[in-house]
Each structure stands twice: as C-alpha cells, then as structure tokens.
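> structure, please.
(chains A, B, C and D)
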2 protein chains.
Amino acid sequence: MSETQERPYHHGDLRRALIETALVMLAADQNWTFTLREVARRTGVSHAAPYKHFRDREDLLRELARLGFVQLGESMTQAMSLTQSSVREQFIAGAQACIDFALCNSGLYRLMFSADADKSMDPDLHDAAMKTFTILLQLLEEGQRDGSFRPVNIDALAAASWAQVHGLAMLAINGQLLEEKVGSEPVLAALNVLLDGMCQ
Amino acid sequence: MSETQERPYHHGDLRRALIETALVMLAADQNWTFTLREVARRTGVSHAAPYKHFRDREDLLRELARLGFVQLGESMTQAMSLTQSSVREQFIAGAQACIDFALCNSGLYRLMFSADADKSMDPDLHDAAMKTFTILLQLLEEGQRDGSFRPVNIDALAAASWAQVHGLAMLAINGQLLEEKVGSEPVLAALNVLLDGMCQ
DNA sequence: TTCATAAGTTTCTCCTGTAAACATGGAGGA
DNA sequence: TCCTCCATGTTTACAGGAGAAACTTATGAA
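Okay, the predicted model is just below:
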C-alpha cells in the first residue's frame, strides 16, 4: 500500500512478502507449479533475490507447508476449545476444523501432505507437523482417561483417527464426497462410524 | 536385450518402453521429478520422440497413474478372492493389499493420489480410479445384504472405509506407523477399530 | 511399385534454476 | 561525524528443460 515511494533498494521484509505471494499463487493454481522467478516477479524484486531467503524452490515450499501446519493446529485447537462438551464432540469439532481447513486451503493442504514438502529434509517442518498431530493424540488420551474411548492400544486409535480425518479431507478436496450431493452429511456420518468403533 | 541390432529407426513399442523407463525412475526418486528428456535419454531415443506418444510430461504421469489403479484393483481383487471367509475378513484382506501395494510402489501410489495426476483431465484415469473404488463399494453392499454391516447410508460407509484405507496407506508410506516399532500391528488394529464401528 | 503416414530426429526459441560477481544502504564502532 | 561491514538486493551468465516446427525414414495399403 506504500506505492508513493519508488521502492527502496531494501525491501524491508522480503521473506514474508515472498511467502505471501507464494501463498496467493498456491491458492490460484492449487498445484504449486509456480516458478521461483514468477514469485520474485510478482513481488517486484529481481529473480535472484529469493535466494537470499530460501536455499531453493523446495525450501520455500517447505516453509509454506510449515506455516500451514501451524495454522491448521490453531484452527483445530480453537474449534475444539469452543466445544466444552464431550470428548466425542470435541473430536468431531477438531476433525471438521481440519477438513474445513483443507477445503478452504486445498492447495496448501495438498502441499503439506505431498512429497514436495519432504519432512525429512526440514526438522522445523517435521516438528510443526508433529505438534499438530499431538493435538489429536492428547484428545485421545483424555478420552481414554475419562472412559469415553476404549482402552485399546492408543497407537491404533491414533492411526485410525488420523487416517480417517486426513482421508476424509483428501476425499473432500477432490470433490469425491460432494458429487453424491449429500452436503456435509457424509463427513459427519463417516466420523460417527469410526467413533462408534472407538467409543465404548 | 537385443543389442545385437544397431537400433532400427523405429523402436517397435516406444510407448511401452517409455512407460517402463518412467516407472523405474519413479521407483527410484519417489517424487516424479524426472524430466521427459531424461526418460527419452534412458530409453535411447531423441528428446522429442516421447511427444509422439504423450502430449506432455503430465500426460505420461497420468498414464502411469492409470496403470497403477488397474494394478491396485487387481491386487485387491486377488487378495479378497483368496479369502472365502467373512465379509469382514475380505475387507481386511483388500485393505491390506492396498496398503501393501502402497508400500511396494510408494512413488506410484503417491502419484496416483497426487494433484499431478489430475483425474479431471483424463476420463480414462478417472474411470480406472472409479473402477478400483467400486471394488470396495461392492464389498460394502454385500456386507450390508448379508447383515454383517450396519444398514446405515452406504456413502458414509464408503467414505469412512476409503478414507481409512487410503489414510493408513499414506501414513505407512511416510513411515509414521513403523517408527513406533509395532510392526504391522497398528494397521490391523486401526482397521478393526473402524470395522467395530461398521459391523453390527 | 508408389506413396501417404506414423514414428523418429534435428533444430530452434523461450523459460527456469542457480551460481558468481557486483551494488547499496543501514547499523555500530572509531 | 564518518567509515566500514555485511545483509540484502541486482546483474550477468550458463546449463539444462519444455515444447513447436520442419525434416527424415520405414512401412503397409492401394
């Protein structure tokens, strides 16, 4: 918004600006096919400038993914905190928040779980993903403590839950849940099928 | 194996040869970062030759994905047919086959469910994916008929099942089920959690 | 036998990633 | 106050890749 200036030599916060441009482009093409040069161009800097902030194109993608996990975690936490009722209700709220996030940020969500955001390459990205995953795990533990969930191996519950939520999110993104014209029903129905198996 | 000849001008079955080369490269780098030129080079033809068989690089990727769905469907069908016991057992056999396929062909499996294999761009790919999906759907219908599965909306069962199986496959590929050193237990455990919710 | 055509090759242009060398200007010490 | 360092920019350069166009070669049908 400061176009009065003739753009000073130093941008001020180019790193953030590049990220924001990339996020916009990611939302547009869904497929992170954008080039680093194009990101630089749209941000109004030379094509080599991004290399002062990101090692390469994949490094930028991993940072986008990391921020995505942070945001997803916040969305889930907030949604779950709004529901002070049963653990089961909280689970559904968190899952719905995840799926809503995926639908609203489908390109980003896909990137987060794609091989292009290689978590073994970036400890920070790995940590961010794990932190988000932990939100779910804590809820499962709480549910087992208060007797809502069956006392089976918690890894089984975690695997089933995460697989279910992530799987539904991917199906939702790909429109494979909506083409049966059932609105948001199938998500809730599917979650309840799983929860019936988890609860005692 | 026919290196006695001086490589005739016409390859014979270049299309298949390109696909096979690409599959090998996909297995190697997992991430389909290979270029079309490299595929051509390794197949021993000029870099423009592939364009006689595939519109562009993505067209080749979609064909790989299509073949992957065919192969996955065959694996699942075969595994399920070997188990002539309960529908529940058949479900587990099919799911395990899918997850095994994903582990054995992780690059291909990832490609099949990635945005780079855009199903809206290729009716054949879409059909192949749907045909594989139908295997699951038929089993669910059969299970509802014989009373194994609850008579809830079948779309809910389908969404839950597919989400669960695909989600577990992705977790397995990413090594997120093995790092807890529990062998193949968590997969089976997670499937049983879901099945407990599906069965009556 | 001819020749249309499918299937290869060569050549060309534009674009990308990324390295290297250079420029700029702000912050901290003399 | 001025100087100098260095993070952050730009310019230049080059090796590839995508893909189009024009050219070549076998092959099979008429």
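> what's the closest non-adjacent residue to A:Ser114?
Nearest residue to A:Ser114 in three dimensions, chain neighbours excluded: B:Ser114, at 6.3 Å (C-beta to C-beta, 6 or more residues apart in numbering or on different chains). Glycine gets a C-beta too; all of them are placed from N, C-alpha and C.
> in terms of helix, strand or coil, where does the one you found fall?
Three-state call for B:Ser114 (DSSP: H, G, I helix; E, B strand; the rest coil): coil.
> quick check on it: phi, psi?
phi -100, psi 170 (degrees, to the nearest 10).
> shaky segments in chain A?
Along chain A, segments meeting pLDDT under 70 span A:1-7, A:9-10, A:178-184.
> give me that answer again for 90
Along chain A, the model assigns pLDDT under 90 to residues A:1-13, A:29-31, A:83-85, A:114-121, A:152-156, A:171-186, A:200.
> now do the domain split for chain A, please.
For chain A, automatic domain parsing gives the domain ranges A:1-54, A:57-198.
> around DNA strand C, pick out the residues from chain A.
Residues of chain A found near DNA strand C (C-beta under 7 Å from any atom of the strand) are A:Pro8, A:Tyr9, A:His10, A:Thr35, A:Leu36, A:Arg37, A:Glu38, A:His47, A:Ala48, A:Tyr51, A:Asp56, A:Arg57.
> now the domains of chain A in JSON lines, with mean neighbour count?
Converted to JSON lines, these look like this (neighbours: other C-beta atoms under 10 Å in any protein chain shown):
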{"stretch": "domain A:1-54", "mean neighbour count": "14"}
{"stretch": "domain A:57-198", "mean neighbour count": "19"}
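> now do the helix or strand harbouring A:Asp59: which elements does it pack against?
Assigning secondary structure by DSSP states H and E places A:Asp59 in helix A:57-82. Using 3 or more C-beta pairs under 8 Å, 6 or more residues apart in numbering or on different chains; DSSP states H and E, the elements in contact with helix A:57-82 are helix A:14-29, helix A:36-43, helix A:87-104, helix A:106-112, helix A:123-145.
> using JSON lines, please lay out the residues of chain A next to DNA strand C together with distance to A:Ala79.
Converted to JSON lines, the residues of chain A next to DNA strand C look like this (distance: C-beta to C-beta, whole Å):
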{"residue": "A:Pro8", "distance to A:Ala79": "42"}
{"residue": "A:Tyr9", "distance to A:Ala79": "44"}
{"residue": "A:His10", "distance to A:Ala79": "40"}
{"residue": "A:Thr35", "distance to A:Ala79": "36"}
{"residue": "A:Leu36", "distance to A:Ala79": "35"}
{"residue": "A:Arg37", "distance to A:Ala79": "38"}
{"residue": "A:Glu38", "distance to A:Ala79": "35"}
{"residue": "A:His47", "distance to A:Ala79": "40"}
{"residue": "A:Ala48", "distance to A:Ala79": "42"}
{"residue": "A:Tyr51", "distance to A:Ala79": "38"}
{"residue": "A:Asp56", "distance to A:Ala79": "35"}
{"residue": "A:Arg57", "distance to A:Ala79": "33"}
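> wait, which of these is closest to chain B?
Checking those against chain B by C-beta to the nearest C-beta gives A:Arg57 as the nearest, at 11.3 Å.
> next one: that closest one from B:Leu139, what distance?
From A:Arg57 across to B:Leu139, the span is 43 Å (C-beta to C-beta, to the nearest Å).
> repeat for A:Gln90
Using C-beta to C-beta, which is the criterion applied here, A:Gln90 is 32 Å from B:Leu139.
> and if you look at A:Thr35?
Counting by C-beta to C-beta, the gap from A:Thr35 to B:Leu139 is 45 Å.
> as CSV, the domains of chain A with distance to DNA strand D would be great.
Output for these, formatted as CSV (distance: least, C-beta to the nearest atom of the strand, whole Å):
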stretch, distance to DNA strand D
domain A:1-54, 3
domain A:57-198, 13
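> could you dump those domains into JSON lines with distance to B:Asp29 added?
Below are the domains of chain A laid out as JSON lines (distance: least, C-beta to C-beta, whole Å):
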{"stretch": "domain A:1-54", "distance to B:Asp29": "18"}
{"stretch": "domain A:57-198", "distance to B:Asp29": "10"}
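> fine by me, we can end here.
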